[in-house]
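In: sharing a model prediction with you, sequence too.
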Amino acid sequence: LSNRLSFPLRSRLLSLNPSKKSSRFLASAVPVDVPDEIFKKRNIGISAHVDSGKTTLTERILFYTGRINAIHDVKGKDGVGAKMDSMDLEREKGITIQSAATFCEWGDNHINIIDTPGHVDFTIEVERALRVLDGGVLVLCGVSGVQSQSLTVDRQMKRYNVPRVAFINKLDRTGSNPDKVIEDLKDRLKLNAAAVQVPIGFGTQGSDDLIREKVLIFEGDNGEIIKEEEVPEDMKDLVEEKRMDLIEKVGDVDDEIGEIFLMEETPTIEQLQAGIRRATIKCEFVPVFMGSAFKNKGVQPLLDGVVDYLPAPHEKRNVALDLENDEAEVEVTCSSTDPLIALAFKLEEGKFGQLTYMRVYQGTLKRGGFITNINTGKKIKVPRIVRMHSDDMEEIEEAGAGEVVAMFGIDCSSMDSFGDGSAKLAMTSMFVPEPVMSLAISMDKSSNQANFGKALAKFGKEDPTLRISTDPISKQTILSGMGELHLEVYIERMKREYDVHLEVGQPSVNYKETITSKQEFSYVHKKQTGGSGQYAKVIGYIEPLGEEEEGEDREEQFEFDNQVIGTNIPPEFIPSCEKGARDSMEKGGLIACEVQGMRVALVDGQSHAVDSSDMAFRICMSAAVRDAMKKAGPQILEPIMKLEVEAPSEFQGTIVSGLNRRMGLIQSSDISDDGSVQIVADMPLANMFGYSTDLRSITQGKGEFTMEYFNHMPVTRDVQTELIKKHAEEKE
């Protein structure tokens, strides 16, 4: 570390030890009994929209903190790739697919970092990281500003009350405008944000520290030498203006700074830093740093900001639920001597078995010790504990409160809580969004069935947003996920990691059939095979159920009405007649789909003293109803989804026309206070395939949609003709 930092910055970093009673740390009112190792820990996640420079920033952080000896770029010409993108697919595509954990030392502070993906398809990786971290770095592009995934990340940070600092990246690019980005933070994310730096030379030379009123110039091959200079005369007015704006914004949410501001006094450096820290930890203020990670500018001051303004583990409030006391909330102490509370937040299948990422909230996790899975009650011995550095590992003997580590050989599920068995305290889970896209998958002949099963089990455990199911009607294996890229990546991983080659297609839509008119039937089943044969005769009618009779239980849209008087059909054969009627409902006469919305009335019949049997009446009734359905105006029904689309209001016209093209029926369209439009429509499921990609395309990635099953409705005449023709071809 010492050979990469100028002397002034190095001496400043070494003064951050809280045992030296630095005034800025005293201001956060931390209990005296908090150990130094807890106070000097930071658990942060780096999140942003895709291609904002998260992984590039993490690469520079690792270099400046001495974790790596050379800088490699995400799409570098040297073929090495960034340290945090360890998967081959990540290096090929130049994107982050899985969140990756690492740790580093900055001064005498220990920082655990999780680099997260930017694509909305991998949003669960961001979700689980923010669930267990104490602070975040929101990276923004200096040109594009707040983008669609920035909005999603902001919602996730607010959901888990994660304090954050912002870093405006790519200031070396033409068209970058940090002032516009800060306005976006205020207007679009509704954040109380202000700059703590002013860039010099579009961020390519250095920056002006507004708090200490010093200019930092980054020199050397990799920006590792920092020169500290006085503010030049031509910048003094701008620096003064920006500093007053910073003080005012902090004063709005911090009483001490607010009082100083109202008395028209100037806060000292220590007072201002302490005020920013208090407001940031309370999620009431966002300090904004600036630079260009690719050009190696502005990264070290951001690291100072992480230490100065983001909370230590004990400063972020966490609660556990006492399962023995009606899930009453219990505040986590963050003491290494208290009973263990840990949360498994991420699973990976590695060459040594399942790798389980753990956040230790309280107590100590020791190698060789015993822990209890609170969710299953199973007692487990801890075999190995490692600290992760992307795909490298460093073995450790124990992990105290506030640590993020990984364990081997623990069989558990994502979001399982662990304790030492003394109390049943569980941490709350995370929000898991519903999948929005499905594909039908099947193996080609060269693939191994056992490997296919292993791959599905592994990926399903790793990623809660990846759902694997079997369609009960078509018997297809359905893979559901967050988007086309999400599913494409897992299909490619099956091919590379398990040598499973898949054939991919659209899943079959679950069509149903019904009737539209009343039809009488009179049917005789007679079969003589030598000895006792089969004989049954049934008379009755079928008719469609009214909507009010169908009710809400769509699984029971069938009614059997026994109107037989006398013993022409002996009473013991009536249940067989009902079973036969239900058999006929399994396959309709048009496209062999399930039938719904029909009443079958049995009026009369005839039996034979020797040849009549349960089986005879069941077969007779089934054939009678099937024959009658063909003459009762049969109709095909298709699943209709209730679709909700949310996007900025300027895309309203484009979205509505797109829904109309897909035969959607618009039910409502409302514009909310934040300028977004919510459109509710009823949409045939068969027309929904590919809509996820279309919506992102027409809304520049800013639109989102959810859908759920509504009911089955009749298809149009031309669609019915097409489906009958297709079914006939498949039968041949």
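Out: Looks like it arrived, so ask away. Numbering: from 1, shown residues only.

In: where do the helices of the stretch 401-550 of the chain begin and end?
Out: Assigned by DSSP state H, counting those that start in this stretch, the helices in the stretch 401-550 of the chain fall at 449-462, 484-498, 547-550.

In: the longest strand along the chain: how far from the chain's middle?
Out: Ranked by residue count under DSSP state E, the longest strand found in the chain is strand 635-648. Centroid separation between strand 635-648 and its chain, computed with C-alpha atoms, centre = their mean, to the nearest Å, is 22 Å.

In: okay, now the sheet partners of it, with direction.
Out: Strand 635-648 has its sheet partners listed here by DSSP bridges as strand 512-514 (antiparallel), strand 676-684 (antiparallel), strand 704-714 (antiparallel).

In: mind listing what's buried along the last one?
Out: Residues 704-705, 707, 712 are the ones in strand 704-714 that count as buried (16 or more other C-beta atoms under 10 Å). For the C-beta atoms, the positions are set from N, CA and C on the backbone; glycine is no exception.

In: export these to TSV and tack on distance to residue 126 and pLDDT?
Out: Formatted as TSV, these follow (distance: C-beta to C-beta, whole Å; pLDDT from 0 to 100):
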residue	distance to residue 126	pLDDT
704	15	78
705	19	79
707	22	70
712	37	86
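
In: which residues of the stretch 401-550 of the chain score low on pLDDT?
Out: For the stretch 401-550 of the chain, applying pLDDT under 70 flags the ranges 436-437, 445-447, 472-474, 483, 506-508, 530-531, 547-550.

In: what segments of it are strands?
Out: Listed in chain order, the strands of the stretch 401-550 of the chain (DSSP state E, counting those that start in this stretch) span 404-408, 417-419, 425-427, 437-443, 467-470, 477-481, 502-505, 512-514, 519-527, 534-544.

In: got TSV for the ones you listed, with mean neighbour count too?
Out: Listed next are the strands of the stretch 401-550 of the chain as TSV, based on neighbours: other C-beta atoms under 10 Å:
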stretch	mean neighbour count
strand 404-408	22
strand 417-419	24
strand 425-427	23
strand 437-443	18
strand 467-470	13
strand 477-481	21
strand 502-505	14
strand 512-514	22
strand 519-527	16
strand 534-544	22
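
In: which one of those strands lies closest to residue 283?
Out: strand 425-427 (19.8 Å; C-beta to C-beta).

In: who does that closest one touch, helix- and strand-wise?
Out: On a contact count with 3 or more C-beta pairs under 8 Å, 6 or more residues apart in numbering; DSSP states H and E, strand 425-427 meets strand 319-322, strand 341-350, strand 417-419.

In: quick one: the longest one to helix 449-462, angle?
Out: Using axes from the mean of the first three to the mean of the last three C-alpha atoms, to 10 degrees, one finds that strand 341-350 and helix 449-462 are set 150 degrees apart in direction.

In: returning to what we had before: for residue 538, find the nearest of the helices of the stretch 401-550 of the chain.
Out: Per C-beta to C-beta, nearest to residue 538 of the helices of the stretch 401-550 of the chain: helix 547-550, 22.7 Å.

In: same question for the helix or strand that the closest one is followed by, mean pLDDT?
Out: Toward the C-terminus, helix 547-550 is succeeded by strand 558-562 as the next helix or strand (DSSP states H and E). For strand 558-562, the mean per-residue pLDDT is 90.

In: quick one: strands adjacent to strand 558-562?
Out: According to DSSP bridges, strand 558-562 has these partners: strand 598-606 (parallel).

In: after the partner strand, which helix or strand is next?
Out: Counting by DSSP H and E, the next helix or strand C-terminal to strand 598-606 is helix 614-629.

In: avg pLDDT for that following helix?
Out: 93.

In: so where is the stretch 251-400 of the chain shaky, pLDDT-wise?
Out: Along the stretch 251-400 of the chain, the parts satisfying pLDDT under 70 run over 350-352.

In: now do 80
Out: 348-353, 390-392 (pLDDT under 80).
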